[in-house]
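*Asks:* Give me the fold of what follows.
(2 chains)
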Amino acid sequence: MAGQKIQAPKGVSEYAPPRSSAFEFVRESLISPARSAGYQLIELPVFEDTELFTRGVGESTDVVSKEMYTFEDRGGRSITLRPEGTAGVMRAVIEHGLDRGQLPSKLWYSGAFFRAERPQAGRYRQFYQVGIEAIGLDDPAIDAEVIAIADAGFKKIGLTKYRLDITSLGDSESRAAHRVDLVAFIATLDLDEATKSRAALNPLRLFDDKRPEVREAMTNAPLLIDYLNEESRTHFAQVRKYLDALQISYTLNPRMVRGLDYYTGTTFEFVHELLGAQSGIGGGGRYDGLMAELGGQSLSGIGFGLGVDRALLAAEAEGVISAETFVSDLFIIPLGDLAKEKALQVASLLRNQGKTVEIAFGDRALKGAMKGADKSGARYVIVIGDSEISSGTVELKEMKTGATSSVKIDSLLTAL
RNA sequence: GUGGACGUAGCUCAGCUGGUAGAGCACCCGGUUGUGGUCCGGGAUGUCGCGGGUUCGAGCCCCGUCGUUCACCCCA
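*Replies:* Numbers count the residues shown, from 1 in each chain, chains lettered A, B, ... in the order given. Below you'll find the predicted structure:
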């Protein structure tokens, strides 16, 4: 009796061949610049104590208030599938004392994250991010370096059609001064109740509203960037100076709003121009109060999260993914049982030397096996049968040109 | 949570005003008993998302339901 077909849960992103190799390429491209800059892997659980996020990310955020996958485990604890990466990293840093050694502590991570949102192009309930965090250093140079690392990842993929928005949210003193004026300004506006209550939670959010009437109303709103105190202003100016030195172009966007409450100071966002409504491919910033908020010492931090799914979408939109990167070096077609043994031996030897080798098992007719070899995209093919075993020599065929050459089986490694 | 669009072979889709299902690609076999890509011939494949209704008759109409997708809110 046939059972009901089971489908993947709504809105998850998953990658099957052949697209999975493109996904792998994109993720690796985003990670490698961080490794090159001395960041080390931190591998964390995908679920955490719910309080980590309510306290760390902030209860006023949409992420926490309505997008978390929260459940009770068998011991009655409230558990949440991580909606973002930074809070978990901070928790682990405190827990393992990574803030006690040489600073900054530089970490990278990669993995799945979860938000219970309505799915849409580029927005999934389970999605993938690569991120880094640099903890315990105020130097504006590291702000620029963090941004440069993200930028390098996108460039490594081959993306060009994106822009970088930056701004500064200043320190708590600057924000408090601005907030007074902003709240007073918003009070003069004629807004609907839902918007008013949103503003009450975090007035900055109104800058992010897409409705034309709200945008219009906000045109003359006081901008936080104009309220930065001397220290914040100097810090931000330094960051920009370093970005200029790195020749990383950016757009100053004082109306940029980030969705998580912990951001302070430098914040940034990478926006791709060929994506749909969900065009942010990465973003981050400083979070100088987060660690203390989570019960650790008062250390500053800066980091980013890059969307692997969206970066892949962007890469596909730009047409920069090449499929040829992932093919085998050699495809072996054995004819007969003895040949299979030989093929297994040869393949294992070559694989140990770093070659990618496939074997056509299953006793297909030679013609069919050759078709298989062709479709696999393998660079070279050899046929092993009785005569090859007795002579110890095979015809090495280069699939692209069709040219063949006689090669001793023992010399295959150098011939490939 | 709100709104729109769509659900037909593995994939992309066609199916005129209701008359009992098709194409392309992919797949398998063959065209020299040991060498692919082109070409030619042949072949398999669907409870037309599901349930109900109207009708002599429904892939086409109606209702419901599930799913997918795009957008809003928000975000990677």
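
*Asks:* what helix or strand is the closest residue to A:Leu228 other than its chain neighbours on?
*Replies:* Excluding the flanking residues, the one nearest A:Leu228 by C-beta to C-beta, 6 or more residues apart in numbering is A:Gly170, at 4.5 Å. All C-beta atoms are positioned from the backbone trio N, CA, C, and that covers glycine. According to DSSP states H and E, A:Gly170 maps onto no helix or strand at all.

*Asks:* The one 3 residues further on too?
*Replies:* According to DSSP H and E, A:Glu173 maps onto helix A:172-187.

*Asks:* In that helix, which residues are buried?
*Replies:* By neighbour count on 16 or more other C-beta atoms under 10 Å, the buried set for helix A:172-187 is A:174-175, A:177-179, A:181-182, A:185-186.

*Asks:* still on that earlier bit, any idea how far the residue nearest to A:Leu228 is from A:Ser406?
*Replies:* 73 Å (C-beta to C-beta, to the nearest Å).

*Asks:* quick one, which of the two is more surrounded?
*Replies:* Between A:Gly170 and A:Ser406, counting by other C-beta atoms under 10 Å, A:Gly170 is the more crowded of the two (25 against 10).

*Asks:* State the distance from that one to RNA strand B.
*Replies:* Per C-beta to the nearest atom of the strand, to the nearest Å, A:Gly170 is found 18 Å from RNA strand B.

*Asks:* related to what we said a few turns ago, list the contacts of the helix holding A:Glu173.
*Replies:* A:169-170, A:199, A:203-204, A:206, A:220-224, A:226-229, A:232, A:264, A:289 (C-beta atoms under 8 Å, 6 or more residues apart in numbering).

*Asks:* do the same with stretch A:62-77
*Replies:* Outside of stretch A:62-77, the residues within contact range by C-beta under 8 Å, 6+ apart are A:49-50, A:53-54, A:57-59, A:78-81, A:83-84, A:114-117, A:125, A:259-260.

*Asks:* if you set the cut-off to 6 Å instead, what comes out?
*Replies:* Outside of stretch A:62-77, the residues within contact range by C-beta atoms under 6 Å, 6 or more residues apart in numbering are A:50, A:53-54, A:57, A:79-81, A:83, A:114-117.

*Asks:* Leaving out the residues flanking it, which one is nearest to A:Glu231?
*Replies:* In space, A:Glu231 is closest to A:Asp171, 6.8 Å off (C-beta to C-beta, 6+ apart).

*Asks:* Flag every residue of the stretch 301-416 of chain A that's near RNA strand B.
*Replies:* Counting by C-beta under 7 Å from any atom of the strand, the stretch 301-416 of chain A comes close to RNA strand B at A:305-307, A:309-310, A:335, A:364-368, A:370-375, A:381, A:383, A:385-388, A:395, A:397, A:399-402.
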